[in-house]
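>>> Quick one, what's the 3D model for this:
(4 chains)
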Protein chains: 2
Amino acid sequence: MGNSIQTEDKILFTAREVFIREGYDGARMQQIADEAGINKALLHYYYRTKEKLFTTVFERVFTEMLNRIFSLMEEQQSLEVFLNVFFREHITFLLSDPRLPAFIINEVSLHPELLSNIFGKFSFYGIERFGMLVEKEKEQGLIAQRTDPLQLFINILSLSILPVVIKPIISNVLQMDAKETETFLRQRIEILPEMVLASVRKDNSKK
Amino acid sequence: MGNSIQTEDKILFTAREVFIREGYDGARMQQIADEAGINKALLHYYYRTKEKLFTTVFERVFTEMLNRIFSLMEEQQSLEVFLNVFFREHITFLLSDPRLPAFIINEVSLHPELLSNIFGKFSFYGIERFGMLVEKEKEQGLIAQRTDPLQLFINILSLSILPVVIKPIISNVLQMDAKETETFLRQRIEILPEMVLASVRKDNSKK
DNA sequence: GTCTATATGGCGATAGAC
DNA sequence: GTCTATCGCCATATAGAC
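Numbering: from 1, shown residues only, chains lettered A, B, ... in the order given. Now for the predicted structure:
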């Protein structure tokens, strides 16, 4: 009944699903219209082109993802507490929608120009807090001086994201069924915190 | 001049480049023909459909990637030597073509069915050797008993692959130019071996 | 705002000459 | 084996009625 806001939300919601499922090049405006229960012409009424619809969706998805990561990084108590919280929350989230990280990774590498217009839309506060936490634990003698907070941050992201993203490969190459693979990945929530902690502890190697 | 083998090679070589650069859905037969210096009809003469051409290319690329990884894993001297060799070789390789891993990750998650027909085309020998190496160092008391070789293997892959794959994101979000980002990623070749080693050493935590 | 109908172009694929 | 020409379809996008 002429309810524009409701329609617009429905379009964005559906477009998000289809773009993530199929990728930009694989997605079809017809498909989005069908799943949203409207028709193609209406899509173009709200978002003049496919590209415009896509960038709107992508900016949201990307910003949400970064904000989610950075907000988890505001944890300040200790590196140990942070690692426990982060791996649990983040891996659980990724497993609930394994296509999402693959989508972001791929679109960003196919269309790097998408990233240029996204700044100022999320907070770097979390990453600064993480750096401060690392420095504090260095001073306390808990972790090695050579630890680079940024490299450590990238390590933590890598260890949580990539295994989920290559889930189909793990499944097939290692001949596990869906349930086994899920269990294997979920185990990492318990394993990773102490592994990462051990990796930055002082005096691990004599050299 | 009627040289079929040369033409077929040229097609495969070019198709590989275009598919990796654009993805399956984004790639165009016309584009492949142009870059190969032939015309579209000839593509269909050799490979009846786009899908057939793609699966041929994908199986090759995927098999090469796995064989490369697994052959590096046959290193048997010690975990330390292995980690030094692996991170150096693998990260250098990935940096030489950052689209490749993103391509594999994305196509596999978009078209999981692609994987079903690829078995028996590569060797699992490397991964077995790696498991044996881990067990040996466990017996020698060098690494913690709780270490799961498979999880460790996935960790090593994650730490080398993901940072390269999200290179554009690192570049943009952390405001580094191309050269800085390259340096940042290349530093990991030195950092990662001792980090991973430390993560599995015994007696890191009192608990 | 929402629809039906259609314009316009590009795509994968094939026919058929050489 | 390689080409030119073209078919048939489906994609994005728009025109115009309601």
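>>> where along chain A do the strands fall?
In chain A, no strands are defined using DSSP state E.
>>> Residue ranges in it under the pLDDT threshold?
Residue ranges of chain A with pLDDT under 70: A:1-3, A:203-207.
>>> Point out the residues in it that sit beside DNA strand D.
Residues of chain A found near DNA strand D (Cβ under 7 Å from any atom of the strand) are A:27-30, A:40-41, A:44, A:48-51. Just so you know, the C-beta spots here come from the backbone N, C-alpha and C atoms, and that holds for glycine as well.
>>> Looking at those residues, spot the one nearest DNA strand C.
residue A:41 (3.1 Å; Cβ to the nearest atom of the strand).
>>> Number of residues surrounding that closest one?
Counted with other Cβ atoms under 10 Å in any protein chain shown, the neighbours of residue A:41 add up to 9.
>>> wait, what's in contact with the nearest residue to residue A:13 once chain neighbours are set aside?
Take residue A:13 and drop its neighbours on the chain: the residue closest to it by Cβ to Cβ, 6 or more residues apart in numbering or on different chains is residue A:36, 7.8 Å away. Going by Cβ atoms under 8 Å, 6 or more residues apart in numbering or on different chains, residue A:36 touches A:10-11, A:13-15, A:43.
>>> again, only this time at 7 Å
By Cβ atoms under 7 Å, 6 or more residues apart in numbering or on different chains, the contact set of residue A:36 is A:10-11, A:14.
>>> out of the residues you listed, which are buried?
A:11, A:14 (16 or more other Cβ atoms under 10 Å in any protein chain shown).
>>> from the contacts of residue A:36, which are also near DNA strand C?
Near DNA strand C, by the rule Cβ under 7 Å from any atom of the strand, you find none of the contacts of residue A:36.
>>> ok, so of the contacts of residue A:36, who is nearest chain B?
residue A:14 (18.7 Å; Cβ to the nearest Cβ).
>>> how close does residue A:122 sit to DNA strand D?
28 Å (Cβ to the nearest atom of the strand, to the nearest Å).
>>> Run a quick neighbour tally on that residue.
Neighbour tally, residue A:122, other Cβ under 10 Å: 19.
>>> wait, what's in contact with it?
A:63, A:66-67, A:70.
>>> Apply 6 Å and report the result again.
Shown in contact with residue A:122 (Cβ atoms under 6 Å, 6 or more residues apart in numbering or on different chains): A:63, A:66-67.
>>> Now, of those, which are buried?
residue A:66.
>>> ok, of the contacts of residue A:122, which one's closest to residue B:193?
Nearest to residue B:193 out of these is residue A:66 (Cβ to Cβ; 29.6 Å).
>>> Give me the distance from stretch A:128-135 to the chain's centre.
Here stretch A:128-135 is found 21 Å from its chain centre; the criterion is Cα atoms, centre = their mean, to the nearest Å.
>>> ok, and does it reach over to chain B?
No. Shown here: stretch A:128-135 not in contact with chain B (Cβ under 6 Å from any Cβ of the partner chain), separated by at least 11.8 Å.
>>> Then stretch A:153-171?
Yes. Using Cβ under 6 Å from any Cβ, stretch A:153-171 reaches chain B at A:154, A:158-159, A:161-163, A:165, A:168-169.
>>> In JSON lines: those, plus neighbour count and distance to residue B:135.
Below are the residues of stretch A:153-171 next to chain B laid out as JSON lines (neighbours: other Cβ atoms under 10 Å in any protein chain shown; distance: Cβ to Cβ, whole Å):
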{"residue": "A:154", "neighbour count": "20", "distance to residue B:135": "30"}
{"residue": "A:158", "neighbour count": "22", "distance to residue B:135": "25"}
{"residue": "A:159", "neighbour count": "24", "distance to residue B:135": "23"}
{"residue": "A:161", "neighbour count": "22", "distance to residue B:135": "29"}
{"residue": "A:162", "neighbour count": "26", "distance to residue B:135": "25"}
{"residue": "A:163", "neighbour count": "25", "distance to residue B:135": "22"}
{"residue": "A:165", "neighbour count": "27", "distance to residue B:135": "28"}
{"residue": "A:168", "neighbour count": "21", "distance to residue B:135": "28"}
{"residue": "A:169", "neighbour count": "21", "distance to residue B:135": "24"}
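>>> I'd like the distance from stretch A:4-21 to the chain centre, please.
20 Å.
>>> Can I get it as PDB, trimmed to CA atoms?
In PDB, the C-alpha atoms belonging to stretch A:4-21 read as follows (Å, rounded to 0.1, in the frame of the first residue of the first chain):
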ATOM      1  CA  SER A   4       8.000   3.000   0.700                       C
ATOM      2  CA  ILE A   5      10.200   2.500   3.700                       C
ATOM      3  CA  GLN A   6       9.000  -1.100   4.200                       C
ATOM      4  CA  THR A   7       9.600  -1.800   0.500                       C
ATOM      5  CA  GLU A   8      13.000  -0.300   0.600                       C
ATOM      6  CA  ASP A   9      14.000  -2.300   3.600                       C
ATOM      7  CA  LYS A  10      12.700  -5.500   2.000                       C
ATOM      8  CA  ILE A  11      14.800  -4.800  -1.100                       C
ATOM      9  CA  LEU A  12      17.900  -4.200   0.800                       C
ATOM     10  CA  PHE A  13      17.400  -7.300   2.900                       C
ATOM     11  CA  THR A  14      16.800  -9.500  -0.100                       C
ATOM     12  CA  ALA A  15      19.500  -8.000  -2.200                       C
ATOM     13  CA  ARG A  16      21.900  -8.600   0.600                       C
ATOM     14  CA  GLU A  17      21.000 -12.300   0.700                       C
ATOM     15  CA  VAL A  18      21.200 -12.700  -3.100                       C
ATOM     16  CA  PHE A  19      24.500 -10.800  -3.500                       C
ATOM     17  CA  ILE A  20      26.100 -12.700  -0.700                       C
ATOM     18  CA  ARG A  21      24.900 -16.000  -2.100                       C
END
